[in-house]
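Participant: quick one, fold the following:
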Amino acid sequence: MPSGQPDVAVSRPAPRSNFLRLTAFDRNVALILLALLALTVFTIFLGDRVGVTLQRVAPLGAARSTSSIIMQFSENMNRVTVPPQLQVIQIPTDQVNGIVAAEDAISTVSGTVTWSGTTLNFRPTKPLTPGAAYQVVLQPGATSDGGRKVVSEYRYSFTVRTPRVAFLAPADSSPMNIWVADPAVPDSARQVTNSPSGIYDFGVSPDGSKIAFAEKNTSTGTMDIKVLDLDTGGVEQVTNCADAECKTPVWRPDGQAIAYERIDLNSDMAEQLGASPTRIWLVDLSSQSATTRPLFDDSQILGYGVRWSGDGSRISMFDYRSQGILVHDFVNDSTEVIPSKYGNPGELSPDGTKIIYPEVTLVTDQATSYLQVVDLVNKTIERVSNPDDPIDDDSAIWTADNQSLIVRRRYTDDRYTRGSQIYLINPSDNSVEPLIVDPTYQNGLFLLDPTGTQLVVQRFPDAVALNDPNNPGLPQIWTLDMQTKTLVKVVDNAYFPRWVP
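Facilitator: Numbers count the residues shown, from 1 in each chain. Below is the predicted model:
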């Protein structure tokens, strides 16, 4: 710079920030990202305050006596921390919509807990009481695998509906379909299947929500097992018996599988081979698509009349090859055979430790039957009735407590009736209590409801005993209150009753 010239400061524009140099679009994107970051931080903070939540609970409103308590959590739980915070109590029915303290409960429900992923299943030890109200309470404190806690109390209530009866009707014409009726409500029967070819037989799921039935195919002569959802009315076919009869579905007590009888027709070799003997198959419902397989790998185990024990630990059937009752224990994978001439698969006790079955004998050239009980644990056998006594006991079922038997009996002495009557027998002291004794009726199939308080019976009016030759003797469905001994006729012209919890 030349001398004598004053210094002059040169001003330069200040540099603009990078943010100011962004386009309007870029600035909007940046603001949105900042907002999302703030929202994420807030959500994490709020989530810690809300904690683990329940996504689904059941039952709500109305339940069945065999319903389980279902709780689905928002995340995987530390499973040992949940049961101590869970309580199921019976409450007064007029307080079903209120909050009931534990000390004011009628009783506390005991049960077992199982898990499937994030879902807890609490299965009561005993069936819930029909007509009663219950409240489910989950207290704060349970912890997830991630360390988060249930921080709020959850509480809901429900009432238990009275058991209904399902049956086949009409008995005197085709096609037969499944109907359901409430024994406490006259004329309440409603048809729940609409098969043009007819239903052969059926079984009700343990929780009462579904019915598995065998449907005839008149064009092919085959049968398949289908499952009806009683809540939605939807029907799903679970077997593919293209050249077979698949029938007599019997639910496993956990509701995850169905045992059924399969007879392969061998149509392409009918003249040389004919139909195969009955074999027991199993349909597994636990997967998304039902799968089927023979119950036993041994193809020579052939038979019929499947019975499950109440705990699902054993299964029985009558085996053609051994001419006896085959009992399989799933716990130790063992099988034993009880020789029997009668051909009846017997009835396993609810706890699976015993089986009762009829045996046949000849008295003065007349065949009669008596009952025997096998203790499957101690390997002993006892007679409930004596073959020399003037009785004919042809079937029996256990009461819910495993202590007594309900027996279909016909006396052959001066107490004789043409048809069998129903008695309650205590094997410990051989005491006998009449339950249904009416000479004008013959009594057939009978079953206890899950609570053990009601008996459903298929009964036939005896035209000879009634001295009414015009009586067609069509089957009827009746129920018996085990406490009051009150008999109620549910419906005429129907058969094959089953309880719907």
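Participant: now do residue 31, the pLDDT please.
Facilitator: If you check residue 31, the pLDDT there is 63.
Participant: same deal with residue 302?
Facilitator: On the pLDDT scale, residue 302 gets 95.
Participant: thought it was touching residue 320?
Facilitator: Yes. The pair residue 302 / residue 320 is scored as a contact, 4.6 Å apart, by CB atoms under 8 Å. All C-beta spots, glycine's among them, are computed from the backbone N, C-alpha and C.
Participant: quick check: residue 167 touching residue 177?
Facilitator: No. Assessed by CB under 8 Å, residue 167 is found out of contact with residue 177, at 10.0 Å.
Participant: of the two, who's got more company?
Facilitator: More neighbours surround residue 167 than the other of residue 167 and residue 177, with 26 against 19 (other CB atoms under 10 Å).
Participant: which other helices and strands contact the strand or helix carrying that one?
Facilitator: Secondary structure from DSSP states H and E places residue 167 in strand 164-169. Counting contacts by 3 or more CB pairs under 8 Å, 6 or more residues apart in numbering; DSSP states H and E, strand 164-169 is packed against strand 177-181, strand 199-204, strand 476-481, strand 487-492, strand 495-500.
Participant: okay, those in a markdown table with distance to residue 79 next?
Facilitator: A markdown table is the format used below for the helices and strands packed on strand 164-169 (distance: least, CB to CB, whole Å):
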| stretch | distance to residue 79 |
| --- | --- |
| strand 177-181 | 38 |
| strand 199-204 | 31 |
| strand 476-481 | 41 |
| strand 487-492 | 44 |
| strand 495-500 | 33 |
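Participant: distance to residue 346 and mean pLDDT added to those, as JSON lines?
Facilitator: Output for the helices and strands packed on strand 164-169, formatted as JSON lines (distance: least, CB to CB, whole Å; pLDDT from 0 to 100):
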{"stretch": "strand 177-181", "distance to residue 346": "27", "mean pLDDT": "98"}
{"stretch": "strand 199-204", "distance to residue 346": "18", "mean pLDDT": "98"}
{"stretch": "strand 476-481", "distance to residue 346": "23", "mean pLDDT": "98"}
{"stretch": "strand 487-492", "distance to residue 346": "28", "mean pLDDT": "97"}
{"stretch": "strand 495-500", "distance to residue 346": "19", "mean pLDDT": "98"}
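Participant: for residue 115, which of the ones you listed is the nearest?
Facilitator: When those are compared by CB to CB, strand 199-204 sits nearest residue 115, at 26.2 Å.
Participant: and the closest one, how far from the chain's centre?
Facilitator: Here strand 199-204 is found 14 Å from its chain centre; the criterion is CA atoms, centre = their mean, to the nearest Å.
Participant: cool, stretch 491-501 as well?
Facilitator: 17 Å.
Participant: what's the end-to-end length of that stretch?
Facilitator: From its first residue to its last, stretch 491-501 covers 18 Å (CA to CA, to the nearest Å).
Participant: in it, which residues are buried?
Facilitator: 491, 494, 495, 496, 497, 498, 499, 500, 501 (16 or more other CB atoms under 10 Å).
Participant: quick one on the thing from earlier: list residues touching both of residue 302 and residue 320?
Facilitator: Residues touching both residue 302 and residue 320 (CB atoms under 8 Å, 6 or more residues apart in numbering) are 277, 278.
Participant: which secondary structure state is assigned to residue 84?
Facilitator: Following DSSP: H, G, I helix; E, B strand; the rest coil, we place residue 84 in the helix state.
Participant: got it, and residue 464?
Facilitator: Assignment for residue 464 (three-state DSSP): helix.
Participant: count the residues that sit near it.
Facilitator: There are 12 residues near residue 464, going by other CB under 10 Å.
Participant: excluding its backbone neighbours, what's nearest it?
Facilitator: residue 418 (6.4 Å; CB to CB, 6 or more residues apart in numbering).
Participant: tell me which residues touch that neighbour, please.
Facilitator: With CB under 8 Å, 6+ apart, residue 418 has these contacts: 439, 442, 462, 464, 465.
Participant: can you check residue 106 too?
Facilitator: Here residue 106 is in contact with 89, 90, 91, 92, 132 (CB under 8 Å, 6+ apart).
Participant: just want the most central residue of the protein.
Facilitator: residue 206 (1.1 Å; CA atoms, centre = their mean).
Participant: got the end-to-end distance for stretch 263-274?
Facilitator: 11 Å.
Participant: cool, and stretch 234-246?
Facilitator: The first-to-last residue distance of stretch 234-246 comes to 20 Å (CA to CA).
Participant: related to what we said a few turns ago, just the buried residues of stretch 491-501 now: which is nearest residue 81?
Facilitator: Nearest to residue 81 among the buried residues of stretch 491-501, with distances taken as CB to CB, is residue 501, at 31.4 Å.
Participant: how about the contacts made by the residue lying closest to the closest one once chain neighbours are set aside?
Facilitator: Distances taken as CB to CB, 6+ apart put residue 208 closest to residue 501, at 3.5 Å, once the chain neighbours are dropped. Neighbouring residues of residue 208 by CB under 8 Å, 6+ apart: 64, 65, 66, 163, 230, 499, 500, 501.
Participant: all helices for the stretch 1-150 of the chain, in order.
Facilitator: Counting by DSSP state H, counting those that start in this stretch, the stretch 1-150 of the chain has helices at residues 18-21, 24-50.
Participant: compare the ones you listed and say which comes out lowest on pLDDT.
Facilitator: It's helix 18-21: among those, that one has the lowest mean pLDDT, namely a mean of 50.
Participant: what segments of the stretch 251-400 of the chain are strands?
Facilitator: 257-264, 279-284, 291-294, 303-308, 314-319, 324-329, 334-339, 347-348, 354-363, 366-375, 380-383, 391-398 (DSSP state E, counting those that start in this stretch).
Participant: could you tell me how many residues sit around the closest residue to residue 327 other than its chain neighbours?
Facilitator: Nearest in space to residue 327, with sequence neighbours left out and distances taken as CB to CB, 6+ apart, is residue 316 at 4.8 Å. For residue 316, the count of nearby residues is 24 (other CB under 10 Å).
Participant: and for residue 339?
Facilitator: 9.
Participant: any idea how far residue 372 is from it?
Facilitator: Between residue 339 and residue 372 the computed distance is 11 Å (CB to CB, to the nearest Å).
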